[in-house]
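Undergrad: here is my input, please return the structure:
(chains A and B)
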Amino acid sequence: MATDEQTTDREIVLSRTVNGPRALVFKAFTEVRHLSKWWGPDGFTTTTRAFAFREGGDWDFTMHGPDGTDFPNWITFTEITAPERIRLVHGTFKGDPESFDQVLTFTDIGERTDLEMRTVFPSKAHKDLVVEKYGAIEGGKQTLGRLAAYIEKEGQI
Amino acid sequence: MARAATTSDAFNAIAEPQRRRILDLLRGRELAVSELAGELGLPQPGVSKHLRVLREVELVRVRSDGKQRLYCLNAEALRPVQEWVGGFERFWEASFDRLDEYVQELKEEEGRDGD
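TA: Numbering: from 1, shown residues only, chains lettered A, B, ... in the order given. So this is what the prediction gives:
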């Protein structure tokens, strides 16, 4: 593992229990016909130029937002241990210096699967940048100041 | 969810309107409990209770100044909230919602294939 306690200020860990056996949940990551069905929030679609699910293989694709904005994406799979673990580098183009490392871990809990996605950014600044960028993708660039303003407004209702 | 499964995190702390008002009042200045109580028009023990919750999640800090205890905002503790609002976490939570739905479809397909 490249991650350790030292990375906590520049990583985001998300976890989710998916209602399905591990082999099936893993399978949903292995082919474009599966990924295109669920990758991205509601209203997002993807167009794939290249896809190779193997170590060192790439997924070159564009995400189309609900408002018609296109977001180029480039993923390189760096480690695949079926059906337990996928490690990848995720950026906007091949060799993107602002790309980040993601490790997906699939834990078998019977008929359900614990899925953990650990994203490690090169630095805290990179992490903040990506969080901002995803905020922009959703059309709501939020800063602490604007959040505080929102809280203030809500607080008065 | 990325945040801890506890009742005392920043999300819970700011869910209460009076606590949000306290955070607003503490933006850019330190205040004593009595001053906060005056501004809010609330009894001091109630304000102290809210401040205790805010301190537990480090949204406010306190320092002693003579006989007074002065409270100030620690905006950095709002970062989990900012990250959630900022989209990365929400983006993936929404993707995982769709993944879950899609896995149900796959289950049905596999069930049919197996017959």
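Undergrad: pull the longest helix from chain B.
TA: helix B:88-114 (DSSP state H).
Undergrad: quick check, that one touching chain A?
TA: Yes - applying CB under 8 Å from any CB of the partner chain, one finds that helix B:88-114 is in contact with chain A at B:88-96, B:98-107, B:110. Every residue, glycine included, has its C-beta placed from N, CA and C.
Undergrad: low-confidence stretches in chain A?
TA: Chain A contains residues with pLDDT under 70 at A:1-5, A:135-157.
Undergrad: near chain A, which residues of chain B are found?
TA: Neighbours of chain A within chain B, by CB under 8 Å from any CB: B:1-2, B:14, B:17, B:20-21, B:23-24, B:27, B:75, B:78, B:81-83, B:85-96, B:98-107, B:110.
Undergrad: rewinding a little: of the residues of helix B:88-114 next to chain A, buried ones?
TA: For the residues of helix B:88-114 next to chain A, a neighbour count by 16 or more other CB atoms under 10 Å in any protein chain shown gives the buried set as B:88-92, B:94-96, B:98-100, B:102-103, B:106.
Undergrad: could you dump these into JSON lines with pLDDT added?
TA: Compiled in JSON lines, those are given as follows (pLDDT from 0 to 100):
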{"residue": "B:88", "pLDDT": "84"}
{"residue": "B:89", "pLDDT": "83"}
{"residue": "B:90", "pLDDT": "81"}
{"residue": "B:91", "pLDDT": "85"}
{"residue": "B:92", "pLDDT": "89"}
{"residue": "B:94", "pLDDT": "87"}
{"residue": "B:95", "pLDDT": "92"}
{"residue": "B:96", "pLDDT": "93"}
{"residue": "B:98", "pLDDT": "94"}
{"residue": "B:99", "pLDDT": "96"}
{"residue": "B:100", "pLDDT": "95"}
{"residue": "B:102", "pLDDT": "96"}
{"residue": "B:103", "pLDDT": "96"}
{"residue": "B:106", "pLDDT": "94"}
